[in-house]
Each structure stands twice: as C-alpha cells, then as structure tokens.
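J.: sequence plus predicted model, see below.
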Amino acid sequence: MQDTEPEPEPASPSPPAPVVERAGWFSRLRDGLRKTGSNIAQVFTGTQIDESLYEELEAALLMADAGVKATAYLLDDLRRRVKEARATDPAAVKGLLAEAIADLLRPLEKGLVVGEHTPTVVMVAGVNGAGKTTTIGKLTRHLAQAEQKVLLAAADTFRAAAKEQLAVWADRNRVEIVSQEGGDPAAVTFDAVTAGKARGCDVVIADTAGRLPTQLHLMEELKKIRRVINKADATAPHEVLLVVDGNTGQNALAQVKAFDDALQLTGLVVTKLDGTAKGGVLAAIALWGRERAGGPVPVYFIGVGEKLEDLQTFDAAEFAAALLS
C-alpha cells in the first residue's frame with residue numbers, strides 16, 4: 001500500500017425533496033393536521049387560564065394520540081412555562097405549548113447522511129400499507145437527482161406485486177434493481193449489496209416485506225436479512241429505517257418499539273400525515289426516545305401525500321406550529 005492515500009470524499013446529506021417553497025409545504029402539513037389543530041385550538045378560545053383549560057387541553061392531547069405519558073409531560077412543562085412567563089392570556093399559553101412541543105420533538109431532528117460508506121446500505125422496514133415502497137421510490141428520486149448512484153433490492157418477496165411496484169419506481173428514476181423470482185429475501189439483499197459494491201453504487205436500498213410486529217416468524221426473517229447484509233458488508237446496514245403510517249395513533253409507537261427491539265432502528269419516516277392523521281404520536285415517540293438506551297430514533301422525513309414534494313425533512317418547530325395552527 002502506498003504511504004499516502006487519497007482523501008475520502010466528504011459525507012453529504014441526502015437532500016430533502018426538490019427545492020420547493022417551504023411555505024407551500026407548511027400549508028400542506030397544516031392542512032393534513034387540521035383536525036388535530038382545530039381540536040387543540042378550541043381550548044384557547046376562552047379568556048381565562050384555569051384548571052378547566054388544562055383539563056380540556058389534556059383531553060385534546062389524548063385525542064391527538066399523544067398518549068398518557070407525553071400528555072402528562074407536556075402539561076407539566078406547560079404549567080412551568082406559564083408560571084415563568086407570567087402568562088395571563090390563553091393565546092400566549094398556546095404559544096408556550098407550541099414551544100413545549102417543539103422542544104420535546106427537537107431531538108428527533110436529524111438529516112439522513114450518505115457518503116460516509118460506499119455504498120451506504122439502507123434497510124427499510126414497515127407494516128403493509130404504511131407506504132414503504134412508495135417512500136423508497138421518493139427517496140430514490142431525491143438521491144438520483146443529487147447524482148447519487150442508487151441500487152434497489154426487491155427483498156419484499158412475500159407480497160404479490162411488490163417487486164413490480166419497486167421496478168416501476170426503479171424505471172421511473174432510471175436506477176438499477178436486483179430481484180429474483182420467488183427468491184429468498186436475505187439472498188436478494190446479499191446479492192444487491194455485493195452488486196452495489198462491485199458497481200460503485202453510492203446507495204443500496206433494500207425493500208423488505210411488510211409485516212406486523214406480532215408476526216414473530218416474519219420478524220425473524222427481518223433479523224436474518226440484517227445479519228446477511230452484515231455478511232455482505234461488515235459495516236452494514238448503515239441505516240435501518242422504519243416507515244410508519246401517521247394514521248395509526250399509539251399503535252405507531254408500539255411498532256417503533258417492536259421493530260427497534262428486532263433491528264436497532266436508526267431512523268423513521270412518518271407518512272400519510274394528511275386527512276385523518278393526528279400527529280400527536282410523535283410526542284410519544286420523542287418521550288420514549290429519551291428513555292431509549294441508544295437515544296432517540298430520529299425522524300428523517302415526514303409525508304403528507306403522494307406527490308414527490310410531499311416527502312420533506314422533519315422540522316420540530318414547523319411541525320409544532322402546524323399542529324397548533
């Protein structure tokens with residue numbers, strides 16, 4: 001080996017969705033969380049700050065799927081802020097609540113980074129219907145537009161048409177895909193990681209079979225895929241993402257816990273924050289993250305629709321403002 005080696009390329013964060021007016025995105029996020037926002041906003045329409053206000057707020061936060069622990073935490077934090085600020089107006093209390101929610105959620109802010117490893121191997125999990133394959137397609141588009149060479153692994157061999165759905169995204173984004181007819185999911189992933197290294201790919205994304213965390217035999221299959229990825233590349237997987245449907249409420253927290261136990265998650269993508277989504281579950285996930293041995297699992301992206309620009313990076317203050325607007 002020569003005495004001097006070339007300096008490695010600096011790691012670069014994967015870009016969020018294509019450059020769009022963030023105000024337009026905020027408007028879509030606010031519309032998606034409108035049901036929750038209106039329920040909470042009604043609490044602050046009175047003229048007094050009293051126990052009835054806190055009781056109504058408690059009910060609104062519980063209805064927003066914040067959960068018992070996160071609701072109690074936010075109410076205690078809000079009472080402290082109100083006392084310190086000597087707030088006397090309900091509108092001011094609403095602003096303090098937005099600050100409390102933003103501070104709780106801020107540890108979830110983190111950008112997905114590619115470039116530290118070549119290829120960066122990303123394993124994506126989630127239950128059927130969460131929007132996993134669509135999310136992979138959107139993420140692939142963003143990476144491809146940033147001139148990252150992406151290889152997809154069709155390791156969801158259990159669901160009919162999963163491979164075809166991923167192939168459509170691969171074709172649309174002009175990236176390569178590794179798949180097998182009825183192949184073993186772990187074998188497909190191994191082949192993809194090996195091919196990604198041989199072809200000089202920047203990113204390899206593995207689409208794994210959707211399953212409920214109660215399906216123990218399928219969760220074992222996910223663990224096997226993770227082990228096999230590590231055999232193909234001793235440093236991988238570099239990211240293990242869980243795609244969560246924002247409409248599933250407290251069940252989303254249960255999913256995060258179960259998949260984290262099995263796979264040691266590195267990030268989340270929360271989808272479908274439009275229409276009926278309540279959004280408060282992110283507070284529950286953030287509070288759980290404080291107790292997690294490895295620290296919080298960041299939310300890399302949130303989505304409010306099917307369009308490419310509807311997948312954006314997570315911003316705690318922005319989310320809190322949308323939740324209470």
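T.: Thanks, I have the structure now.

J.: show me the shaky parts of the chain.
T.: 1-21, 157-161, 182, 210-215, 275-277 (pLDDT under 70).

J.: would you mind measuring from the closest residue to residue 279 other than its chain neighbours to residue 100?
T.: Once flanking residues are discounted, residue 279 sits nearest to residue 33: 4.9 Å by Cβ to Cβ, 6 or more residues apart in numbering. Placement of C-beta: from N, CA and C, glycine included. According to Cβ to Cβ, to the nearest Å, residue 33 stands 17 Å off from residue 100.

J.: between those two, who's got more neighbours?
T.: residue 33 (27 against 22; other Cβ atoms under 10 Å).

J.: which helix or which strand is home to the closest residue to residue 262 other than its chain neighbours?
T.: Leaving aside its chain neighbours, residue 262 sits nearest to residue 219 (5.1 Å; criterion: Cβ to Cβ, 6+ apart). Using DSSP states H and E, the element containing residue 219 is helix 216-232.

J.: can you get me the start-to-end distance on stretch 230-244?
T.: 24 Å (Cα to Cα, to the nearest Å).

J.: now that stretch, how far from the centre of its chain.
T.: With Cα atoms, centre = their mean, to the nearest Å as the basis, stretch 230-244 stands 15 Å off its chain's centre.

J.: which residues sit against that stretch?
T.: 112, 116-117, 120-126, 130-132, 135, 189-190, 193-194, 197, 206, 226, 229, 252, 255-256, 259-260, 263-271, 297, 300 (Cβ atoms under 8 Å, 6 or more residues apart in numbering).

J.: buried ones among those residues?
T.: 112, 117, 120-126, 130-132, 135, 189-190, 193, 197, 206, 226, 229, 252, 255-256, 259-260, 263, 265-271, 297, 300 (16 or more other Cβ atoms under 10 Å).

J.: from those, which ones fall inside strands?
T.: Within these, membership in strands is found for 120-125, 206, 267-271, 300, as judged by DSSP state E.

J.: can I get those residues in a markdown table with distance to residue 95?
T.: Listed next are those as a markdown table, based on distance: Cβ to Cβ, whole Å:
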| residue | distance to residue 95 |
| --- | --- |
| 120 | 40 |
| 121 | 43 |
| 122 | 38 |
| 123 | 40 |
| 124 | 37 |
| 125 | 38 |
| 206 | 43 |
| 267 | 30 |
| 268 | 27 |
| 269 | 29 |
| 270 | 25 |
| 271 | 29 |
| 300 | 28 |
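
J.: next secondary structure after the helix holding residue 219?
T.: Next element after helix 216-232 (DSSP H and E): strand 239-245.

J.: show me what counts as buried in that next one.
T.: In strand 239-245, counting by 16+ other Cβ under 10 Å, buried: 239, 240, 241, 242, 243, 244, 245.

J.: bridge partners for the third one, pull those for me.
T.: Counting by DSSP bridges, residue 241 forms beta bridges with residue 124, residue 267.

J.: now do the strands in the stretch 1-150 of the chain.
T.: Using DSSP state E, counting those that start in this stretch, the strands of the stretch 1-150 of the chain run over 12-13, 113-114, 120-125, 150-155.
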